[in-house]
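Asker: this is a predicted model, with the sequence first.
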Amino acid sequence: MSCEDESQAVKLAKLYRRTGVDTRGSVLVEKGDAGELTQSFYPPMQDGGDRGPTMATRNERFAEEAPALACRAGQGALDGSGISPDDVTHVVTVTCTGFTAPGIDVQLIDKLGLPITTQRIQVGFMGCHGLVNALRTARGLVAADSDAVVLIVCIELCSLHYQYGYDAQRIVSGSLFADGSAGLIVAGDDCPASGVDSPLGEIVSVGSCLIRDSHDAMTWRIGDNGFIMTLEASVPGFIETNLREFLVPWLAKSGLDLDSIGGWAVHPGGVRILQSVETALELPSDALDVSREVLREHGNMSSATLGFVLQKFQQRNVPGPWLMLGFGPGLEIEVAVVR
């Protein structure tokens, strides 16, 4: 992000202080000899028409950096579950920040020692709720084959798509997004694994709702110089107005209501997103503390972020059932109940 004068710099600094983000990770940041943080991917802006590295350059960097981070998350999921790589039958990869073929799925099979017969599915370009889409996919796979073991890996390198110039839309997204990866295992009831250590629970139900007349409120498009995000100020209002109307009857189909939920795993898309969920559902003031903590510690890592929220729920023995909730271009609401 480039400021043209002091007033813009002051406004930018003020905005960053209001994001709720203290630290973020990026594959582009390196430590210098004296321990200082440096980056060389984004050179100084040359003129008003400079838009930074080309899309090809950004995607090449994705291909270089993403596999190692994805494999680390995938290995962590295997280690944490006690499931052998030999037992994995499917890989579901999730990303909206870069694409290659052969892709991350092939790298996971090679580097984690998964069977060469592992079946692959890519959940692509679905944004912040991508993990919920992956869980829906995995749930269908294990329902069709009770022996199935599905490894889900979300890998997002959002820092590859920071934009030059002073644009209100891109300032907001640039202040929130970061890099991250998360891995989970979804196993069928009859999978040959010896047993799963510390399971998160059972995926009880999954759902989806398109908010009408909101198509332009949030967009994610491929540009000549990276992926371009539009994030209108109307997004929290759309959520606040429509969420309860969808969620209450949807929960009732599973014999649940808002008071039944023990843990609210809401994707921390930003401070105002979380506030809109709290208001719409009339949640207690501490209901989204874990989501806010993840936002503060890591920023918005798109699809990987909910994985971090679930990990904290598991570590803290948050009582179930848990409700996963994410929002993405559409505007789309994606939801899952884990019990």
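Answerer: Right, received. Where do you want to start? The shown structure was predicted, so the numbers you read here are calculated from the model rather than taken from an experiment.
Asker: strands paired with the helix or strand where Val150 lies, and their directions?
Answerer: Assigned by DSSP states H and E, Val150 belongs to strand 149-157. When pairing is defined by DSSP bridges, strand 149-157 lines up against strand 90-95 (parallel), strand 179-187 (antiparallel).
Asker: want to throw those strands into TSV with distance to Glu245?
Answerer: No exception for glycine: its C-beta is placed from N, CA and C like everyone else's. Shown next, in TSV, are the strands paired with strand 149-157 (distance: least, C-beta to C-beta, whole Å):
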stretch	distance to Glu245
strand 90-95	28
strand 179-187	30
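Asker: can I get those in a markdown table including mean pLDDT, mean neighbour count and distance to Gln8?
Answerer: Formatted as a markdown table, the strands paired with strand 149-157 follow (pLDDT from 0 to 100; neighbours: other C-beta atoms under 10 Å; distance: least, C-beta to C-beta, whole Å):
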| stretch | mean pLDDT | mean neighbour count | distance to Gln8 |
| --- | --- | --- | --- |
| strand 90-95 | 99 | 26 | 32 |
| strand 179-187 | 98 | 25 | 26 |
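Asker: relative to Ala70, which of those strands is closest?
Answerer: strand 179-187 (5.4 Å; C-beta to C-beta).
Asker: where does pLDDT dip in the stretch 1-150 of the chain?
Answerer: Across the stretch 1-150 of the chain, the ranges flagged by pLDDT under 70 are 1-4.
Asker: which stretches in it count as strands?
Answerer: Using DSSP state E, counting those that start in this stretch, the strands of the stretch 1-150 of the chain run over 30-31, 37-38, 90-95, 119-124, 149-157.
Asker: give me the number of residues near Arg120?
Answerer: The tally of other residues near Arg120 (other C-beta atoms under 10 Å) stands at 16.
Asker: does it touch Val91 like I think?
Answerer: Yes: at 5.2 Å, Arg120 counts as touching Val91 under the criterion of C-beta atoms under 8 Å.
Asker: who touches both of these two?
Answerer: Taking C-beta atoms under 8 Å, 6 or more residues apart in numbering as the criterion, Arg120 and Val91 both touch Asp105, Ile109.
Asker: turn the strands of the stretch 1-150 of the chain into a markdown table, including distance to Asp22.
Answerer: As requested, those are exported to a markdown table (distance: least, C-beta to C-beta, whole Å):
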| stretch | distance to Asp22 |
| --- | --- |
| strand 30-31 | 19 |
| strand 37-38 | 15 |
| strand 90-95 | 25 |
| strand 119-124 | 29 |
| strand 149-157 | 19 |
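Asker: would you mind finding the most buried of those strands?
Answerer: strand 149-157 (a mean of 29; mean count of other C-beta atoms under 10 Å).
Asker: that one to strand 119-124, inter-axis angle?
Answerer: Interaxial angle, strand 149-157 versus strand 119-124 (axes from the mean of the first three to the mean of the last three C-alpha atoms, to 10 degrees): 30 degrees.
Asker: after strand 149-157, which helix or strand is next? Please name it.
Answerer: helix 168-176.
Asker: buried set for that next one?
Answerer: Arg170, Ile171, Val172, Ser173, Gly174, Ser175, Leu176 (16 or more other C-beta atoms under 10 Å).
Asker: distance of the third one from Arg18?
Answerer: What that stands for is Val172. Here the criterion is C-beta to C-beta, to the nearest Å. By it, Val172 lies 10 Å from Arg18.
Asker: ranges for the strands of the stretch 201-339 of the chain?
Answerer: Going by DSSP E, counting those that start in this stretch, the stretch 201-339 of the chain shows strands at 203-210, 218-223, 226-231, 263-266, 322-328, 332-338.
Asker: got the ones you listed as CSV, with distance to Val150, mean neighbour count and mean pLDDT columns?
Answerer: Converted to CSV, these look like this (distance: least, C-beta to C-beta, whole Å; neighbours: other C-beta atoms under 10 Å; pLDDT from 0 to 100):
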stretch, distance to Val150, mean neighbour count, mean pLDDT
strand 203-210, 11, 17, 97
strand 218-223, 25, 16, 95
strand 226-231, 27, 20, 93
strand 263-266, 19, 26, 99
strand 322-328, 16, 25, 98
strand 332-338, 14, 23, 98
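Asker: of all those, which lies closest to Asp87?
Answerer: strand 203-210 (18.8 Å).
Asker: now that closest one, how far from the chain's geometric center?
Answerer: 17 Å (C-alpha atoms, centre = their mean, to the nearest Å).
Asker: that strand: partners in the sheet, and parallel or antiparallel?
Answerer: Applying DSSP bridges, strand 203-210 is found paired with strand 332-338 (antiparallel).
Asker: how about the partner strand as CSV, C-alpha atoms only?
Answerer: Extracted C-alpha coordinates of strand 332-338, given in CSV (Å, rounded to 0.1, in the frame of the first residue of the first chain):
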residue,chain,number,x,y,z
GLU,A,332,-22.6,-16.7,0.8
ILE,A,333,-23.1,-18.0,4.3
GLU,A,334,-21.5,-21.4,5.0
VAL,A,335,-22.2,-23.3,8.2
ALA,A,336,-21.4,-26.6,9.8
VAL,A,337,-22.2,-28.2,13.2
VAL,A,338,-19.6,-30.4,14.8
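Asker: thanks a lot, catch you later.
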